[in-house]
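[1] fold the following and give me the result.
(chains A and B)
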Amino acid sequence: MEKQIESAMKRGRGYWFVDGFTELFAGILFFILGGLTLLGGIVPPSSFLSQFISLAESAAIVKLLGLILAVLGLWWLKDRFTYPRTGFIREKGVPRAQLFVFLRNSILIAIVPVLGLIIPLFIVPAVRGAIFSMPVWFPPVLGIFWGGLCILLGRWTALRRFQLLGMVIMLAGILIGAWQLTLGLPNVPADALRGNILDPLPEALWPPLQESLSRMLAGVGIITMVSGIGFSVSGLVTFLRYRKENPVPYKEEG
Amino acid sequence: MTAPLSKISDVDRVIHEPSRLLLVALLSSVESADFLFLLKESRLTKGNLSVHLTRLEEAGYLTVKKSFRGKIPHTEFHLTLKGRLAFDEYRKSMGSILAANKR
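    Numbers count the residues shown, from 1 in each chain, chains lettered A, B, ... in the order given. This is a model prediction of the structure:
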């Protein structure tokens, strides 16, 4: 019985995703962002396309405006399409104490790995090599983190498709890391890593650093695009099923 | 009467009815929900749903807010603190009854 009660409670939590619109919007956004990141690394830096990509990537106002328009569009669609068909709910506000715990934990989760990487950089010179092996470890870490969030969302809302998406994203991250490993790591002269970390970076380290960064960004671009495709397909399937089940707005009988 | 048996007779009968239990569970995870959402999710008839909602309102477990969305009348239902506490209490007592039964 407890399971049935839980499942009824989760229906309310997952209602925002009932029509697939959120996934479709997020999927398209991820696909564009991932595509821009990936293209930015492939296209020759001096080309016209490269200039356009770097402009699109760096123009924060365009991204912000796009995000605001997407949210407004989402509300408009829900108001016109979803609420007349299956009803309206008002989400619960988050209590301050809960919000504080969430923020504190998020900051800790963000800070601990960064400190865990930075502190050893000062102590053990060999750890500095981690920057040059980013193409191998960064995509799996990102994939596991991002996929893990999707799985948690899936559990919270009892929507299996998010758990499946989370697993796909995790797998994509791990596969990209493995693929990058088979390509080999940038060649780094071991003695160049030994200097004082606060000194300017030795010239010998610039080419491997740039290679590492561009390969890592390509990996991030692929994960973002995979997420985008996954979310878009999931959103489209959900939307088609929702429309089939609720073809017309609800009307009073008689 | 043994302790678990006395607990069974103490269970909140307003919430214990399956349809009302479903409605309270649905409302417990949101701030408020409208009639159409509850109708679709519970799959009750409109008459039945109205009766159960009225019963919950009479018990002080939910409040009703009537408004307009554009020109269309819109009714939202909100679980009160009394309703939330009663729901929590019901889950606890049913949980302990079922656990005692398993032992």
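[2] can I get the helix or strand harbouring A:Gly34 in PDB, CA atoms only?
    Assigned by DSSP states H and E, A:Gly34 belongs to helix A:21-42. Output in PDB follows, covering the C-alpha atoms of helix A:21-42 (Å, rounded to 0.1, in the frame of the first residue of the first chain):
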ATOM      1  CA  PHE A  21       7.700  19.900 -23.800                       C
ATOM      2  CA  THR A  22      10.500  20.500 -21.200                       C
ATOM      3  CA  GLU A  23      12.600  17.600 -22.600                       C
ATOM      4  CA  LEU A  24      12.100  18.800 -26.200                       C
ATOM      5  CA  PHE A  25      13.100  22.400 -25.300                       C
ATOM      6  CA  ALA A  26      16.100  21.200 -23.200                       C
ATOM      7  CA  GLY A  27      17.100  18.700 -25.800                       C
ATOM      8  CA  ILE A  28      17.200  21.300 -28.600                       C
ATOM      9  CA  LEU A  29      19.200  23.700 -26.400                       C
ATOM     10  CA  PHE A  30      21.700  21.000 -25.400                       C
ATOM     11  CA  PHE A  31      22.000  19.900 -29.100                       C
ATOM     12  CA  ILE A  32      22.800  23.500 -30.200                       C
ATOM     13  CA  LEU A  33      25.300  24.100 -27.400                       C
ATOM     14  CA  GLY A  34      27.000  20.800 -27.900                       C
ATOM     15  CA  GLY A  35      27.100  21.300 -31.600                       C
ATOM     16  CA  LEU A  36      28.700  24.800 -31.200                       C
ATOM     17  CA  THR A  37      31.300  23.400 -28.800                       C
ATOM     18  CA  LEU A  38      32.200  20.500 -31.100                       C
ATOM     19  CA  LEU A  39      32.200  22.600 -34.300                       C
ATOM     20  CA  GLY A  40      34.400  25.200 -32.500                       C
ATOM     21  CA  GLY A  41      37.100  22.600 -32.100                       C
ATOM     22  CA  ILE A  42      36.800  21.200 -35.700                       C
END
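[3] how about the strands of chain A, start to end?
    For chain A, the strands defined by DSSP state E cover A:89-90.
[4] okay, now the unreliable bits of it?
    A:45, A:53, A:55-60, A:125-126, A:192, A:195, A:197, A:252-254 (pLDDT under 70).
[5] which positions in it make contact with chain B?
    A:1-2, A:5, A:8-13, A:15, A:83, A:86-93, A:250, A:253 (Cβ under 8 Å from any Cβ of the partner chain). In this view, the C-beta of every residue, glycine as well, is placed from N, C-alpha and C.
[6] buried stuff in stretch B:25-37?
    B:25-30, B:32-37 (16 or more other Cβ atoms under 10 Å in any protein chain shown).
[7] what is the helix holding A:Gly34 packed up against?
    Where contact means 3 or more Cβ pairs under 8 Å, 6 or more residues apart in numbering or on different chains; DSSP states H and E, helix A:21-42 is packed against helix A:48-58, helix A:60-77, helix A:206-245.
[8] possible to save those as TSV with distance to A:Thr157?
    What follows is the helices and strands packed on helix A:21-42, written out as TSV (distance: least, Cβ to Cβ, whole Å):
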stretch	distance to A:Thr157
helix A:48-58	32
helix A:60-77	17
helix A:206-245	12
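[9] pick the most buried one from these.
    Burial of the helices and strands packed on helix A:21-42 is given as mean neighbour count (mean count of other Cβ atoms under 10 Å in any protein chain shown); helix A:206-245 ranks first at a mean of 18.
[10] how about the strands in chain B?
    B:32-34, B:62-69, B:72-79.
[11] got the CA coordinates for the last one in PDB?
    This file holds the C-alpha atoms of strand B:72-79, laid out as PDB (Å, rounded to 0.1, in the frame of the first residue of the first chain):
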ATOM      1  CA  ILE B  72     -13.200  30.000 -17.600                       C
ATOM      2  CA  PRO B  73     -14.000  29.200 -13.900                       C
ATOM      3  CA  HIS B  74     -11.100  27.500 -12.200                       C
ATOM      4  CA  THR B  75     -11.300  25.500  -8.900                       C
ATOM      5  CA  GLU B  76      -8.100  24.600  -7.000                       C
ATOM      6  CA  PHE B  77      -7.800  22.300  -4.000                       C
ATOM      7  CA  HIS B  78      -5.100  22.800  -1.400                       C
ATOM      8  CA  LEU B  79      -4.300  20.300   1.400                       C
END
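[12] buried residues in it, which are they?
    Neighbour counts using 16+ other Cβ under 10 Å place B:76-77, B:79 of strand B:72-79 among the buried residues.
[13] can you list the strands that it pairs with?
    The pairing partners recorded for strand B:72-79 under DSSP bridges are strand B:32-34 (antiparallel), strand B:62-69 (antiparallel).
[14] burial measure for whichever residue of chain A sits closest to chain B, as a count.
    Nearest to chain B in chain A, going by Cβ to the nearest Cβ, is A:Gly87, at a distance of 2.8 Å. By other Cβ atoms under 10 Å in any protein chain shown, the residues close to A:Gly87 number 20.
[15] OK, contacts around it?
    Residues in contact with A:Gly87 (Cβ atoms under 8 Å, 6 or more residues apart in numbering or on different chains) are A:250, B:33-41.
[16] again, only using 6 Å
    Residues in contact with A:Gly87 (Cβ atoms under 6 Å, 6 or more residues apart in numbering or on different chains) are B:34, B:36-37, B:40.
[17] check A:Gly147 too.
    Going by Cβ under 6 Å, 6+ apart, A:Gly147 touches A:166, A:169-170.
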